[in-house]
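> What shape does this take:
(chains A, B, C and D)
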Amino acid sequence: MAEIVGLREAVAALVRDGDTVAMEGFTHLIPHAAGHEIIRQGRRDLTLVRMTPDLVYDQLIGMGCARRLVFAWGGNPGVGSLHRFRDAVEHGWPRSLELVEHSHAGLANAYVAGASGLPFAVLDGYHGSDLPVHNPDIRPLTCPFTGRRLAAVRAIRPDVAIVHAQRADRRGNVHLWGIVGVQKEAVLAAARSIVTVEEIVDELDAPPNACILPHWTVTAVCPVPGGAHPSYAQGYYDRDNGFYLAWDGISRDRERFRAWMERCVLGTEDHAGYLRAAGITLPPERTS
Amino acid sequence: MAEIVGLREAVAALVRDGDTVAMEGFTHLIPHAAGHEIIRQGRRDLTLVRMTPDLVYDQLIGMGCARRLVFAWGGNPGVGSLHRFRDAVEHGWPRSLELVEHSHAGLANAYVAGASGLPFAVLDGYHGSDLPVHNPDIRPLTCPFTGRRLAAVRAIRPDVAIVHAQRADRRGNVHLWGIVGVQKEAVLAAARSIVTVEEIVDELDAPPNACILPHWTVTAVCPVPGGAHPSYAQGYYDRDNGFYLAWDGISRDRERFRAWMERCVLGTEDHAGYLRAAGITLPPERTS
Amino acid sequence: MSLPWTPEEMMAIAAARLLPDGRTCFVGIGLPGTAANLARRLHAPDLVLIYESGPIGARPPVLPLSIGDGDLARTADTVVPTHEIFRYWLQNGRIDIGFLGTAQIDRFANLNTTVIGDYRSPRVRLPGAGGAPEIAAHAGETLVILRHRRRAFVARLDFVTTVGYLDGGDARERLGLRGRGPTRIVTDLCILEPEPESRELVVTSVHPGVAREDIEANTGWPVRFAPAVTTTPEPRPEELEALRELRARTEAAHGRPSGE
Amino acid sequence: MSLPWTPEEMMAIAAARLLPDGRTCFVGIGLPGTAANLARRLHAPDLVLIYESGPIGARPPVLPLSIGDGDLARTADTVVPTHEIFRYWLQNGRIDIGFLGTAQIDRFANLNTTVIGDYRSPRVRLPGAGGAPEIAAHAGETLVILRHRRRAFVARLDFVTTVGYLDGGDARERLGLRGRGPTRIVTDLCILEPEPESRELVVTSVHPGVAREDIEANTGWPVRFAPAVTTTPEPRPEELEALRELRARTEAAHGRPSGE
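Residues are numbered from 1 along each chain as shown, chains lettered A, B, ... in the order given. This is a model prediction of the structure:
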């Protein structure tokens, strides 16, 4: 049964050192505010799971929160490298990072298996790729009917899933729309979950087959307006493309990165403080 | 690329003797008009696939169109037996019927495998049940990671999928909502597809994550207002519960069944004719 | 003061009482639907009803005739595809209580809804499994509701559609099923529960006015009674009123035969 | 009369020309997105763009910076969950053309987007596979677009992320992959295609003003030329105008760095 609480309280209660944490959102609705709060609270030894570990994980990795990364594509979309991720993998700074590496199809299927209560998923994938050589969570599997050679991937079952959504009602029912990625699967696969939302409303009034997380599948709902920045929330604000460009410079250098994190994250109380410190105005939504 | 054509033309062109035909719709949006048209055109030796072979398949079976039934639950919902289905299984009238029998979970997964281009699906099911004894399309499978014993079901890949939907636009993009069952999976798993719709509209204006079948996944779109009767189309008309009750009497007796089919289906030109002959007024939608 | 009531009403009310508020309940067609929707009107307004057709959190104003009625979709928190119901919700362990009817049941609460007689040439072809095998496997626990007749309570099933406790003891556990299995069988005569060790169904509560001999005569095996059998509390006026009001509204809504 | 143009523009336009109208195209990030959206503005208004983030039938008014921009969702026919894109659409054989970029490519069109150097202690850690391995496996055919540099066109990949033709011949067929594989590699210098038998990439079309030596110098293996090499038709004015207009609108929309 979802409790509506502050983000600080939710992270304090639900994210523990050593946890496997899945923070999802495919470009859209990335839970950046929650990532910052995990950094503020100094969590360590996390196994971070994410299809596309972009800026949110670059920050967590650069601040030394993670010991392992389960992922499929780690870059700054449309800009280039994730410098903190690269520094961790290439030079072990600030600590070494173990990689469990998938393709998008493989990891998406692994989430589906987790959400389905199955220990693994089957896909017609990874043929000829070197990825299975380095990832023991990918194994060959033969179809019992046709003999076709397929791949099995171990299910993802996070301790905590963290996602951002547009809205929740007062009971904690969550409604998200637009690019929904694997968020529903991440929450349903996890033992606990935190959903940050743009706003709490009296009635969701969602369309018939909307993507809904019923309140009894969510552990904590936290109102955090702008909580996806620099990602976006369809219907609320646009992607801050300028920030993604700027991140390339901020993150390229260890000292500059640390200084920025000190000033905008560690030195602020909450997400509103972050937005002020970083001088962010949420971009209004463009109408196509 | 969907062609917008008449139902008679679509069935003539796309449903062939001996085909595997999946007509889906879970209580809602059952493609009854299409079933009647298949009967009118006298198709034979069909393998009929359906989660819940209710009245629509009772009629096809009673008229001798089917030689095999792939299914999970065959009854008149809330009323009782399907008498034509029982007569075929118990007495081979009008011809014998081979059964390939699943649970709902098994058959739903088999559709998902078909829609996913996989030869089989995995589920944690059928444990201890006698169903796998009689169905070679269910086999044991062991998880390559955990050793857990699971079940594999062979994928469903129909020659033709037939579903009913609320609306299509002029290009043939289809929008359905409410209880969507396994319709999308049936269409995406099939080589060909027919979608009957309540109406053709200029713009679908569907909500962001609506259940849409893009025009290039559908072979034929046929406008058939009331085409789900006695099932219902949310937003258009309610379920004709009275017809389901009446069917128990109509179908109990071979002669009475034949007479009703002669009068209402074989003796009519199309769905409008059927509604007139059967004296049907579509029940207005109840607002809860 | 109590109103006169029928065994059928006693059965629905006894079953409804077993559904605690705030839990998630996977509802089969027919009798389970009546009991679940009655519970929602009485002590369990926040009982979450999930139907295999797709609705989650349905609040139907009348009893649905089918498990896919429009009322279910219109009143649900969300409607998902059928395969998702079975995978993300049931198989994933998110259902507390599975609620089933059946045609036949044996002393270890195994269920037959497939055939009477031989599978390939049956005397009576029943509808089949539907969702039952996996509901009984994955729901936290299962309730079964059926009328107590000798042809339903049989010594040996012609076909095991859905597993309860197999041949008893720890057979179910050895099969590796997640859910605890059938915890209560509610009939129009009594309530049966699996005995802790043997898992054989024994009568634990007899409905008011029912004699032990009635139960024995209507059970196809030598049915045993728990050491401390209670009498089921008879229907309270508010329970009966809620049930009758629900049924009256249902009949008014569903109408009479048409199209003949 | 033709306008002056850059090799970068030639590359985007040459790639866009390879996308026939009415087909379904799975679009990767960066250069493929430019070419696909350019094609939509030129000869292929009904090209169906599918992005792995979920949008099907997207018609973005400017070039998305990422493969999950709001424009894609707002203009799509529908937006589905990411796992569905990979299962119902890609793996199910419903994509005609997969369109990929890459960091490295070898002579058999295998791609590396994972690491330069050793996997466990790489010299350069690249972003990784993303959707590429399964796009290249299941799309009816694959187009690859990348800048022609010696460090990208290598004799031997450090890591095979995504299979093209493995070590050539019928190796791909023996692997049982559904799609035909990479049929054209478009660079800023030329177009390469797999030779019918050996499957080795050979140059089939050289962009105007490019010398064979330029291609040889920028390819890390002794690159061969097809018996009949053509010259790529140079950009037509309407192609250049459409590309430049698209890029100008994109820059205006995406803004400058913020939050530093």
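> where along the stretch 1-150 of chain A do the helices fall?
Counting by DSSP state H, counting those that start in this stretch, one finds helices in the stretch 1-150 of chain A at the ranges A:7-14, A:32-40, A:55-62, A:83-91, A:104-115, A:131-134.
> how about the ones you listed in CSV, adding mean neighbour count and mean pLDDT?
The C-beta positions use only the backbone N, C-alpha and C, and glycine is treated the same way. Output for the helices of the stretch 1-150 of chain A, formatted as CSV (neighbours: other C-beta atoms under 10 Å in any protein chain shown; pLDDT from 0 to 100):
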stretch, mean neighbour count, mean pLDDT
helix A:7-14, 19, 98
helix A:32-40, 25, 98
helix A:55-62, 25, 98
helix A:83-91, 22, 98
helix A:104-115, 29, 98
helix A:131-134, 18, 98
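> could you pull out the strands for the chain?
As the question left the chain open, I've gone with chain A. Assigned by DSSP state E, the strands in chain A fall at A:3-4, A:20-23, A:46-50, A:66-71, A:98-101, A:120-123, A:138-142, A:149-154, A:160-169, A:174-176, A:192-201, A:211-213, A:220-223.
> I was thinking of chain C, sorry if that wasn't clear
C:24-27, C:48-50, C:55-56, C:78-79, C:97-100, C:104-105, C:111-112, C:115-117, C:122-125, C:141-145, C:182-186, C:190-194, C:201-206, C:224-231.
> I'd like to know which of the ones you listed is closest to chain A.
Chain A lies closest, by C-beta to the nearest C-beta, to one member of the strands of chain C: strand C:78-79, at 3.7 Å.
> Identify the spatial nearest neighbour of the residue in chain A that chain B sits nearest to, chain neighbours not counted.
Per C-beta to the nearest C-beta, A:Pro207 is where chain A lies closest to chain B, at 3.8 Å. Leaving aside its chain neighbours, A:Pro207 sits nearest to B:Pro207 (3.8 Å; criterion: C-beta to C-beta, 6 or more residues apart in numbering or on different chains).
> residues in contact with that neighbour?
Going by C-beta atoms under 8 Å, 6 or more residues apart in numbering or on different chains, B:Pro207 touches A:177, A:207, A:210.
> which residues touch the residue of the stretch 151-260 of chain C found nearest chain D?
Nearest residue of the stretch 151-260 of chain C to chain D: C:Arg178, at 23.2 Å (C-beta to the nearest C-beta). Going by C-beta under 8 Å, 6+ apart, C:Arg178 touches A:117, B:124, C:93, C:137-138.
> Name only those of those that count as buried.
A:117, B:124, C:137-138 (16 or more other C-beta atoms under 10 Å in any protein chain shown).
> Against C:Gly164, how distant is the nearest residue to C:Ala35 once chain neighbours are set aside?
With C-beta to C-beta, 6+ apart as the criterion, C:Ala35 has its nearest non-adjacent residue at 3.6 Å, and that residue is C:Ala15. Note on C:Ala15: its distance to C:Gly164, by C-beta to C-beta, to the nearest Å, is 17 Å.
> For A:Phe151, list the residues it contacts.
Rather than Phe, residue A:151 is Ala. The contact partners of A:Ala151, by C-beta under 8 Å, 6+ apart, come to A:106, A:122-127, A:132, A:138-141.
> Grab the nearest non-local neighbour of it.
Closest residue to A:Ala151 apart from its sequence neighbours, by C-beta to C-beta, 6+ apart: A:Tyr126 at 4.6 Å.
> Same check on A:Val182?
A:Tyr111 (4.6 Å).
> Verify the stated contact: that neighbour with A:Pro158.
No. With contact defined as C-beta atoms under 8 Å, A:Tyr111 does not count as touching A:Pro158 (9.2 Å).
> hey, what's in contact with both of those two?
Residues touching both A:Tyr111 and A:Pro158 (C-beta under 8 Å, 6+ apart) are A:22, A:186, A:189.
> For chain B, what's its nearest residue on chain C.
In chain C, the residue that lies nearest chain B is C:Gly68 (2.4 Å; C-beta to the nearest C-beta).
> ok so, going back, D:Glu245 is nearest to which of the strands of chain C?
D:Glu245 lies closest, by C-beta to C-beta, to one member of the strands of chain C: strand C:78-79, at 42.4 Å.
> Does that closest one reach chain B?
Yes. Strand C:78-79 lies within reach of chain B by C-beta under 8 Å from any C-beta of the partner chain, at C:Val79.
> follow-up on the earlier one: ok, the contacts of B:Pro207 vs B:Gly279, which is closest?
Nearest to B:Gly279 among the contacts of B:Pro207: A:Pro207, at 35.5 Å, using C-beta to C-beta.
> returning to what we had before: check contacts around the residue nearest to A:Val182.
A:22, A:156, A:182, A:185-186, A:189, D:83.
> among the residues you listed, who's most crowded?
When neighbours are counted by other C-beta atoms under 10 Å in any protein chain shown, A:Val182 leads the contacts of A:Tyr111 with 31 neighbours.
> Would you check how far apart that one and A:Ala161 are?
As judged by C-beta to C-beta, A:Val182 and A:Ala161 stand 10 Å apart.
> Overlap in contacts, the two.
With C-beta under 8 Å, 6+ apart as the test, A:Val182 and A:Ala161 both reach A:Glu24.
> Quick one: neighbours of C:Ala217, just the number.
Neighbours around C:Ala217, by other C-beta under 10 Å: 12.
> hmm, I was thinking of A:Ala168
A:Ala168, neighbours per other C-beta under 10 Å, totals 27.
> is it in a bridge, and if so with what?
Beta bridges link A:Ala168 to A:Val174, A:Ile200, judged by DSSP bridges.
> ok, it touching A:Val5?
No. In this structure, A:Ala168 is not within contact of A:Val5 by C-beta under 8 Å, at 11.8 Å.
> which residues are in contact with both of those two?
Common contact partners of A:Ala168 and A:Val5 (C-beta under 8 Å, 6+ apart): A:Val221.
> Give me the buried positions along stretch A:64-71.
Within stretch A:64-71, the residues that qualify as buried are A:64-71, counting by 16+ other C-beta under 10 Å.
> Check stretch A:24-31 too.
A:24-31.
> How about stretch C:165-173?
Across stretch C:165-173, burial judged by 16+ other C-beta under 10 Å covers C:165-166, C:168, C:172.
> Could you point out which residue ranges in the chain have low pLDDT?
No chain specified, so I'll use chain A. Residues of chain A that meet the criterion pLDDT under 70 lie in A:287-288.
> Chain C is the one I meant
Low-confidence regions of chain C, defined here as pLDDT under 70, cover residues C:1-2, C:259-260.
> Now with 50, please.
Applying pLDDT under 50 to chain C flags residues C:1.
> Would you mind finding the longest helix in it?
Determined from DSSP state H, the single longest helix within chain C is helix C:237-254.
> which residues touch it?
In contact with helix C:237-254 (C-beta under 8 Å, 6+ apart) are residues B:241-242, B:286, C:1-3, C:5, C:9, C:12-13, C:16, C:34, C:37-38, C:41-42, C:61-63, C:65, C:235.
> among the residues you listed, which are in helices?
B:241-242, C:9, C:12-13, C:16, C:34, C:37-38, C:41.
> Out of the residues you listed, grab the one that's most surrounded.
Among the ones in helices among the contacts of helix C:237-254, C:Ala12 has the most neighbours (other C-beta under 10 Å), with 28 neighbours.
> Which positions in the stretch 151-260 of chain C make contact with chain D?
Taking C-beta under 8 Å from any C-beta, no part of the stretch 151-260 of chain C reaches chain D.
> Next to chain C, which bits of the stretch 151-288 of chain A? Give me the list.
Counting by C-beta under 8 Å from any C-beta, the stretch 151-288 of chain A comes close to chain C at A:173, A:184-185, A:188-189, A:206, A:208-212, A:214, A:216-217.
> could I get those residues as TSV with distance to C:Asp77?
TSV is the format used below for these (distance: C-beta to C-beta, whole Å):
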residue	distance to C:Asp77
A:Asn173	6
A:Lys184	14
A:Glu185	18
A:Leu188	15
A:Ala189	20
A:Ala206	8
A:Pro208	11
A:Asn209	12
A:Ala210	9
A:Cys211	12
A:Ile212	6
A:Pro214	6
A:Trp216	10
A:Thr217	11
